[in-house]
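Enquirer: My questions are about this predicted structure, shown below with the sequence.
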Number of protein chains: 2
Amino acid sequence: MAELDSRDAAASQSRRGRPPSGAREQILATTYELLREKGIARLKTKEIAARAGVSEGSIFYHFRNREGLLSAAFEQAIAPLIALTGQGVGDQGLRETLTDFTAAVEQFLERAVVVMFAAQSDIDLRASLAQYLRGDVNRRPERGVRLVGEYLAGLQESGAIRTGVDVETAAFMLVSSCLFRVSYPWLIGEPAAVPARDEVVDTLIALLES
Amino acid sequence: MAELDSRDAAASQSRRGRPPSGAREQILATTYELLREKGIARLKTKEIAARAGVSEGSIFYHFRNREGLLSAAFEQAIAPLIALTGQGVGDQGLRETLTDFTAAVEQFLERAVVVMFAAQSDIDLRASLAQYLRGDVNRRPERGVRLVGEYLAGLQESGAIRTGVDVETAAFMLVSSCLFRVSYPWLIGEPAAVPARDEVVDTLIALLES
DNA sequence: GTCTATAGGTTGATAGAC
DNA sequence: GTCTATCAACCTATAGAC
């Protein structure tokens, strides 16, 4: 499980305010970890506290209640999305650009689907996550699609991609394939038996060029 | 909400065995309904009983426990998948065939994502659903992909589709787009702001023919 | 901020009559 | 098969000391 800790950085950055003891971060990291392992229905504050090495009361001190804890954990897992969509896609040639982008999308989804799925278990969490995602353009799912679509549109203008192809739709299929591939193991409990990233990129390039 | 009831049919088909009173079916239908509305975390046997118009004890008589009830409800929502994959895809011309197929996939997913998501809330339910899906080839997600892939491969052999295109991957992108489109409203709480089915089909055809 | 101890409120599940 | 009544377990959340 990747480390979420920004403790060290935060501690050296600012000397004002309470020095973080790390309990809050530890609780969040453990929450995500257990969420992934057992699912939200088995996520008990008691166990979070035990594994995080804090008291149960500490959880409620930091997050008020269970829902507050979950929302915080959700946000922390979704936040990296901004880094992906905030800046446009680079350009290192069509194939490498698409490959890198899809890899980044999948890396994000690898963490995100855990909370996306978990949020569906409760109408309030569902609404809460939905509102959070709607709140920033860079958090909307279509954002990534548009980014790639615009990149492709640029190539289309410059003649590198043939005209007449709906580049936005092509981008949509690309991102869609990432979601399918990442979701697959959660549903089936086995590695995804679907075409790899490269195959999708290659096939899409065959569509765009040719 | 679509009716799941097969009461009448079952009653007239067989005169042997206990005549179904409909309680079991009613409980299942209500379970799915509440699952969709409020999420699995808010799904209480008490409320199911109330809305289904039966006693709480009746639920445990029919399904042993909560998990049994959920598994049964899951299966009922996933079962229609067989109808989709059991028979191959027809052939009414490329465009119409793909359009019809994607429509059918989405119609299925419209119901299925509810239980697919819900199952992720608990490691046992997750494993249980995964096992169920793995149990029959026609329930595996790659099955639909293969079906379309084979259909396209046939057209490729007959020359209707240009060679050199990875038809399996094309099929994968098609199905992927359905998952994305259907999942979108659950995540964002708004209608999907992504390319429509027809646009995907058209774009894909541009790839395959040309 | 963090801990311990505890209470309050739910909820799944059972027993037994009909 | 269905109901009513009841329970035992569990889990979130709070109070108060340190």
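Expert: Structure received.

Enquirer: who's in contact with residue A:210?
Expert: Counting by CB atoms under 8 Å, 6 or more residues apart in numbering or on different chains, residue A:210 makes contact with A:162, B:210. In short, each C-beta sits where N, CA and C put it, glycine included.

Enquirer: again with residue A:141
Expert: Residue A:141 neighbours (CB under 8 Å, 6+ apart): A:133, A:175, B:180, B:184, B:187-188, B:194.

Enquirer: quick one: which of these sit in helices?
Expert: Cross-referencing the contacts of residue A:141 against helices under DSSP state H gives A:133, A:175, B:180, B:184, B:187-188.

Enquirer: Tell me where the model's unsure across chain A.
Expert: A:1-20 (pLDDT under 70).

Enquirer: From the contact counts, what lies against the longest helix seen in it?
Expert: Looking across chain A with DSSP H, the single longest helix is helix A:94-119. In terms of contacts (3 or more CB pairs under 8 Å, 6 or more residues apart in numbering or on different chains; DSSP states H and E), helix A:94-119 is packed against helix A:23-38, helix A:66-78, helix A:81-85, helix A:123-135, helix A:141-157, helix A:167-188, helix A:197-208.

Enquirer: roughly how far apart are the closest residue to residue A:24 other than its chain neighbours and residue A:125?
Expert: Distances taken as CB to CB, 6 or more residues apart in numbering or on different chains place residue A:62 nearest to residue A:24, at 4.9 Å, with adjacent residues excluded. In this view, residue A:62 and residue A:125 are 18 Å apart by CB to CB, to the nearest Å.

Enquirer: Mind checking which of the two has more residues around it?
Expert: Taking other CB atoms under 10 Å in any protein chain shown, residue A:62 and residue A:125 do not tie; residue A:125 has more neighbours (20 against 16).

Enquirer: give the contact list for the more buried one.
Expert: Counting by CB under 8 Å, 6+ apart, residue A:125 has contacts A:67, A:70-71, A:74, A:118-119, B:39, B:41.

Enquirer: what's next to stretch A:183-199, contact-wise?
Expert: Contacts with stretch A:183-199, where a contact means CB under 8 Å, 6+ apart, come from A:99, A:102-103, A:106, A:113, A:117, A:177-178, A:180-182, A:203, B:116, B:119-120, B:126-127, B:129-131, B:133-134, B:140-142, B:145, B:166, B:168-169, B:172, B:179.

Enquirer: and the residues you listed, which are buried?
Expert: Among the contacts of stretch A:183-199, those classed as buried by 16 or more other CB atoms under 10 Å in any protein chain shown are A:99, A:102, A:106, A:113, A:117, A:177-178, A:180-182, A:203, B:116, B:119-120, B:126, B:129-130, B:133, B:140-142, B:145, B:166, B:168-169, B:172, B:179.

Enquirer: Just want the phi and psi numbers for residue A:86.
Expert: Here is the backbone geometry of residue A:86 (degrees, to the nearest 10): phi -60, psi -50.

Enquirer: Pretty sure residue A:132 is one of the things residue A:139 touches, is it not?
Expert: Yes: if you go by CB atoms under 8 Å, residue A:139 and residue A:132 touch, sitting 7.0 Å apart.

Enquirer: quick one: common contacting residues for these two?
Expert: residue A:78.

Enquirer: Could you write me a PyMOL select line covering just the buried ones among the contacts of residue A:125?
Expert: A single PyMOL command selects the buried members of the contacts of residue A:125 (16+ other CB under 10 Å):
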select buried, (chain A and resi 70+71+74+118+119) or (chain B and resi 39+41)
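
Enquirer: Let's see the ChimeraX selection covering just the buried ones among the contacts of residue A:141.
Expert: Command for ChimeraX that selects the buried part of the contacts of residue A:141, burial taken from 16+ other CB under 10 Å:
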select /A:133,175 /B:180,184,187,188,194
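
Enquirer: got a markdown table for the contacts of residue A:141, with distance to DNA strand C too?
Expert: Output for the contacts of residue A:141, formatted as a markdown table (distance: CB to the nearest atom of the strand, whole Å):
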| residue | distance to DNA strand C |
| --- | --- |
| A:133 | 27 |
| A:175 | 37 |
| B:180 | 32 |
| B:184 | 29 |
| B:187 | 25 |
| B:188 | 27 |
| B:194 | 36 |
